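S.K.: fold the following and give me the result.
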Amino acid sequence: MQEIIVIGGGVVGLTSAWWLLEAGHKVTLLERAPQVGTGTSYSNGGQLSYRYVSPLADAGVPLKALQWMFQEYGPLKFKPQFDAHQWRWLAAFLANCRVDANRQTTHKLLQLGELSRRAMVQLEPVVPPASFQWRDAGKLVVYRTRKAFEAATSKSDSSSTRQVWSAAECAAHEPALADVAGQLEGGIYNSGEAVADCYEFCVTLAERIASHPRFAGYVHGDAQRFVSEGDRITGLQTSAGLLKADSYVLSAGMQSRTLAKTADISLPIYPLKGYSLTAPIRSGDVAPEISVTDFERKVLYARIGGKLRVAAMVDMVGEDLSLDARRLASLTRQVRETMPHAADYNSVTPWAGLRPATPNSAPIVGPTPYSNLWLNIGHGPLGFTFACGTASVLTDLVQGKAPPFTLEGLSLR
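M.R.: Numbering: from 1, shown residues only. Here you go, the predicted model:
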């Protein structure tokens with residue numbers, strides 16, 4: 001049994017802590033916020049998209065990105081900064097905008113997605129689906145242009161979960177799309193995809209962790225720097241004092257980059273700022289039952305309990321968590337146009353979060369140059385989707401076991 005400190009109380013840190021506890025280790029969890037799950041995990045899109053894992057980096061994306069920046073409803077905003085991290089990340093991202101790189105990453109993420117789906121099922125006795133409003137909604141990706149729809153349907157996929165629908169069939173299966181059916185070319189539906197409240201999942205899992213017999217406790221404090229000697233981390237300096245353990249797991253979102261730097265480790269992650277709107281669903285509203293993604297506009301819609309969650313936007317503006325009124329207004333307008341009768345948009349709660357993304361859209365899980373420092377970071381917008389899977393992989397590695405598949409493309413190296 002090792003004593004392990006997990007740094008970060010978001011969905012990735014919490015799942016890491018749970019899997020390590022179940023493997024027989026003694027775990028302490030460090031979180032700088034007063035409550036777990038209040039960072040990037042708090043009000044994200046809520047989709048558990050195990051099969052829709054399309055990496056952002058792909059051939060043609062650089063040109064599309066230029067077009068998006070000049071569109072009224074453009075999903076991308078780029079603010080150039082005197083920030084070496086930003087430009088290094090962009091250079092690496094552009095290097096991944098190739099068909100072959102996209103195909104390799106997609107294959108790896110599909111493996112991770114299936115592992116994550118099975119791992120989430122394993123948690124059901126501990127974290128009941130009803131406790132975080134989990135629902136097997138299925139996922140429908142709708143396309144507004146013939147070119148995008150044909151490109152999507154031309155990709156070979158023998159899965160029994162996949163169905164191609166016409167625009168009329170999309171509206172028939174999902175009445176919330178009735179007002180825009182005439183603007184759609186069609187859609188691709190996958191069963192087995194789910195929606196849930198990530199924050200409620202974090203809170204419930206944190207309660208289970210707190211009662212685990214091997215849990216050493218929560219520490220509320222800000223991680224400041226690693227202390228090292230040779231190839232080992234010998235301590236973690238925090239605002240709550242110096243913490244020591246046998247091993248350390250770094251799962252602290254964008255803070256991971258700053259903290260890793262204190263151990264001379266450069267992490268290739270950058271914050272992609274995303275927005276969400278949460279609106280109450282009233283009696284008589286036609287809210288979507290299926291999880292819907294508007295492909296061209298990069299907007300997703302998920303019914304979570306009695307609320308509609310809408311998530312969108314990729315803002316490359318550094319570590320800026322402010323709510324941009326113009327971006328929110330733009331998102332609200334297109335939501336009203338797409339699903340005008342789905343919820344009470346006069347009572348919207350806006351939110352913004354920083355999604356720690358890698359240039360190839362794949363998380364980084366595994367070892368570092370230090371023999372007792374491990375990473376579970378860089379999940380981008382798929383933290384909720386992949387958290388259980390990467391926690392399982394991380395625990396295998398800490399135990400000295402072989403992972404269930406090769407980690408090429410998922411490691412720091």
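S.K.: quick check: the residue nearest to residue 193 when sequence neighbours are not counted vs residue 385, distance?
M.R.: Using C-beta to C-beta, 6 or more residues apart in numbering and skipping the chain neighbours, the partner closest in space to residue 193 is residue 139 (3.7 Å). All C-beta spots, glycine's among them, are computed from the backbone N, C-alpha and C. Using C-beta to C-beta, to the nearest Å, residue 139 is found at 11 Å from residue 385.
S.K.: mutual contacts of those two, please.
M.R.: Residues touching both residue 139 and residue 385 by C-beta atoms under 8 Å, 6 or more residues apart in numbering: 47, 49.
S.K.: check which helices and strands the lengthiest helix in the chain sits against.
M.R.: Secondary structure of the chain read by DSSP state H shows that its longest helix is helix 99-122. Applying 3 or more C-beta pairs under 8 Å, 6 or more residues apart in numbering; DSSP states H and E, one finds that helix 99-122 contacts helix 383-398.
S.K.: ok so, going back, number of nearby residues for the residue nearest to residue 193?
M.R.: Using other C-beta atoms under 10 Å, residue 139 is surrounded by 26 other residues.
S.K.: contacts only, for the closest residue to residue 120 other than its chain neighbours.
M.R.: Closest residue to residue 120 apart from its sequence neighbours, by C-beta to C-beta, 6+ apart: residue 388 at 4.9 Å. Neighbouring residues of residue 388 by C-beta under 8 Å, 6+ apart: 15, 19, 116, 119-120, 122-123.
S.K.: return a ChimeraX selection command for the buried portion of those residues.
M.R.: With 16 or more other C-beta atoms under 10 Å as the criterion, this ChimeraX line picks the buried residues out of these:
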select :15,19,116,119,120,123
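S.K.: now do the same for residue 200: helix, strand or coil?
M.R.: helix (DSSP: H, G, I helix; E, B strand; the rest coil).
S.K.: and it, how far is that from residue 92?
M.R.: Distance from residue 200 to residue 92, by C-beta to C-beta: 35 Å.
S.K.: which of the two has more neighbours?
M.R.: Between residue 200 and residue 92, counting by other C-beta under 10 Å, residue 200 is the more crowded of the two (18 against 15).
S.K.: and the residue nearest to that one when sequence neighbours are not counted, what does it touch?
M.R.: Among residues not flanking residue 200 along the chain, residue 132 sits closest, at 4.0 Å (C-beta to C-beta, 6+ apart). Residues in contact with residue 132, defined by C-beta under 8 Å, 6+ apart, are 196-198, 200-201, 204.
S.K.: pick the one among those residues closest to residue 171.
M.R.: Nearest to residue 171 among the contacts of residue 132: residue 196, at 25.4 Å, using C-beta to C-beta.
S.K.: now the residue nearest to the closest one when sequence neighbours are not counted: how far from residue 193?
M.R.: When the adjacent residues along the chain are set aside, residue 196 lies closest to residue 134, with 4.0 Å between them (C-beta to C-beta, 6+ apart). Per C-beta to C-beta, residue 134 is found 12 Å from residue 193.
S.K.: which residues do the two both contact?
M.R.: residue 48.
S.K.: and the helices in the protein, which stretches?
M.R.: Under DSSP H, the chain gives helices at 11-22, 61-68, 84-95, 99-122, 146-153, 167-173, 198-210, 255-261, 325-338, 383-398.
S.K.: bridge partners for residue 357, pull those for me.
M.R.: Residue 357 has these beta-bridge partners by DSSP bridges: residue 270, residue 379.
S.K.: and it, how far from residue 90?
M.R.: Taken as C-beta to C-beta, the span from residue 357 to residue 90 is 12 Å.
S.K.: who has more neighbours, the two?
M.R.: When neighbours are counted by other C-beta under 10 Å, residue 357 and residue 90 differ, and residue 357 comes out ahead with 28 against 16.
S.K.: contacting residues for the more buried one?
M.R.: 56, 269-272, 378, 380-381.
S.K.: so, low pLDDT: which residues of the chain?
M.R.: 72-73, 158 (pLDDT under 70).
S.K.: what about the closest residue to residue 407 other than its chain neighbours, distance to residue 380?
M.R.: Once flanking residues are discounted, residue 407 sits nearest to residue 366: 5.9 Å by C-beta to C-beta, 6+ apart. For residue 366, the distance to residue 380 equals 17 Å [C-beta to C-beta].
S.K.: give me the more crowded residue out of those two.
M.R.: Neighbours per residue, other C-beta under 10 Å: of residue 366 and residue 380, the larger number sits with residue 380, 24 against 20.
S.K.: list the contacts of the nearest residue to residue 195 once chain neighbours are set aside.
M.R.: Among residues not flanking residue 195 along the chain, residue 302 sits closest, at 4.2 Å (C-beta to C-beta, 6+ apart). By C-beta under 8 Å, 6+ apart, the contact set of residue 302 is 45-47, 137, 195, 288, 291-292, 308-311.
S.K.: please tabulate those in CSV, including the columns distance to residue 182.
M.R.: What follows is the contacts of residue 302, written out as CSV (distance: C-beta to C-beta, whole Å):
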residue, distance to residue 182
45, 26
46, 28
47, 26
137, 24
195, 26
288, 18
291, 22
292, 16
308, 22
309, 26
310, 21
311, 25
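S.K.: out of those residues, the closest to residue 407 would be?
M.R.: So of these, ranked by how close each gets to residue 407 (C-beta to C-beta), first place is residue 47, at 24.6 Å.
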